[in-house]
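> Need coordinates for the below:
(one chain, ligands or ions: 2)
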Amino acid sequence: MAEVGKDINKAKQLLEKGQLVAIPTETVYGLAANALDIQAVLKIFQAKNRPRFDPLIIHVPSLEKAELYATNIPEKAKDLAHAFWPGPLTLLLERKGLVPDLVTAGLPTVGMRCPDHTLTRQLLGAIDFPLAAPSANPFGYISPTTPLHVQDQLGDKIPYILDGGPCTIGIESTIVGFDNGMGIVFRTGGLKIEDIENVIGKVQLQINSSSNPKTPGQLQSHYAPRKKLIAGNLEELIKKFQSRTVGILSFQTSYNLPYQYILSPEGDLAEAGRNFFSALRMLDQLPIDIILAEYVPDTGLGKAINDRLKRASYGG
Ligand code: TXA
Ligand code: MG
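Numbering: from 1, shown residues only. Ligands and ions are numbered 1, 2, ... in the order given. Modelled structure (predicted):
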């Protein structure tokens, strides 16, 4: 079992020794290591059972620090960093040579993010290296939004979980890259596309649902529970599976079934985002045969939730 606590000094010392520490962010918990220490970064891939071709995001406390690891940063990237860092935004930037190949999976870009969480910001301020950190879940499984989620799945593989409480956004960061001055969204996430477009104008969406050489980690089957999940029209699905014991994941509506989770009775997408991964985990542990889910309204944060739901569902 991992120790769980709020001791930044302890986290710092472990990271300096090349150990892994789970860290809180506003999006999801990260599994962190010194990004410049190849042996430490290797431990991330081992603990998560993550394929080496899937690059890691590195976490820094500010744009100034990001400039130590990235070069030729486009003006639009700087504008976004000024507007939204610290916050749920990852920028794909041209890497500098000191970023290990293992971190970027050999790509010419590095994903950089400045997370918005007091404890993790204090930690980043106390160390003199950036933190490589993917979501702290086994590869392909649901992302963790509480220390207990991390403990349940990776507790025997890491010494320490920095306890920052439940994540306030609950959905991973939005990933934005740049091509010929154009902003490109590779993963929808906690920062709305509308907010991004307000700062840098129209962006392109390249959210491939299958393997994509530019974002290898955006595989079709991802964020998935162990139980079969089917997303669609809940009324029809409930009828179709009436002979089975089902668990229901709905946005707002109660379907009056014994195993159901309503993401936001008020119909608030931010609340739905905060609850989403916890709800999937809870349903995954119930004595049910199958999880039936419905999509949320496809606007704002809803796009990111629906993307996760689609990847979690059977058959993509
Ligand atoms: O909110 C988040 O972004 C969380 C917290 C912990 O910061 N992190 C996170 O990391 O979601 P991860 O590894 O679970 O997802 C990062 C995604 C992966 O799909 C990876 O393939 C993609 O970002 N990625 C990372 N670096 C990249 C790069 N240089 N080019 C393209 N895609 C990249
Ligand atoms: Mg992940």
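> The stretch 101-250 of the chain: helices as residue ranges?
Taking DSSP state H, counting those that start in this stretch, the helices of the stretch 101-250 of the chain run over residues 101-104, 118-126, 147-154, 193-200, 234-240.
> And G273, its phi and psi?
With angles defined as degrees, to the nearest 10, G273 sits at phi -60, psi -40.
> residue contacts, it?
I169, G170, I171, G190, L301, A304, I305 (C-beta atoms under 8 Å, 6 or more residues apart in numbering). The way it works is simple: take the backbone N, C-alpha and C, and place the C-beta from them, glycine included.
> Relative to ligand 1, which of those is nearest.
Closest approach to ligand 1 among the contacts of G273 (C-beta to the nearest ligand atom): G190, at 6.7 Å.
> confidence score at the nearest residue to the closest one once chain neighbours are set aside?
Among residues not flanking G190 along the chain, P88 sits closest, at 3.0 Å (C-beta to C-beta, 6 or more residues apart in numbering). For P88, the model assigns a pLDDT of 98.
> Nearest to ligand 1, out of the helices of the stretch 101-250 of the chain?
That would be helix 101-104 among the helices of the stretch 101-250 of the chain, by C-beta to the nearest ligand atom, at 5.0 Å.
> pLDDT of that closest one, averaged?
97.
> Off-centre distance for that helix?
The chain centre lies 18 Å from the centre of helix 101-104; the measure is C-alpha atoms, centre = their mean, to the nearest Å.
> From the rest of the structure, what touches it?
Against helix 101-104 from outside (C-beta under 8 Å, 6+ apart): 35, 38, 41-42, 45, 52, 55-56, 58, 95, 110-111, 132.
> hmm, it touching ligand 1?
Yes. Using C-beta under 6 Å from any ligand atom, helix 101-104 reaches ligand 1 at T104.
> would you say N275 is within a helix?
Yes. Counting by DSSP: H, G, I helix; E, B strand; the rest coil, N275 is part of a helix.
> What residues does it make contact with?
G170, Y261, L263, S264 are the contacts of N275 under C-beta under 8 Å, 6+ apart.
> and if you look at R244?
With C-beta under 8 Å, 6+ apart, R244 has these contacts: D289, I290.
> run the last query once more with 10 Å
Contact analysis of R244 by C-beta atoms under 10 Å, 6 or more residues apart in numbering lists I288, D289, I290, L292.
> do the same with R121
With contacts defined as C-beta under 10 Å, 6+ apart, R121 is in contact with T25, H59, P61, S62, P86, C114, P115.
> Those in strands, which ones?
Among the contacts of R121, the members found in strands (DSSP state E) are H59.
> which one of the contacts of N275 is nearest ligand 1?
For the contacts of N275, the nearest to ligand 1 is G170 (10.0 Å; C-beta to the nearest ligand atom).
> Just give me the neighbour total for the closest residue to the closest one other than its chain neighbours.
Of all residues not flanking G170 in the chain, R274 sits nearest, at 4.1 Å (C-beta to C-beta, 6+ apart). By other C-beta atoms under 10 Å, the residues close to R274 number 21.
> tell me the centre residue of this structure?
E172 (3.0 Å; C-alpha atoms, centre = their mean).
> looking at the contacts of R244, which has the most residues close by?
Neighbour counts for the contacts of R244, by other C-beta under 10 Å, peak at L292, which reaches 29 neighbours.
> That one is in contact with Y261, isn't it?
No. Shown here, L292 and Y261 do not form a contact pair, counting by C-beta atoms under 10 Å, at 11.0 Å.
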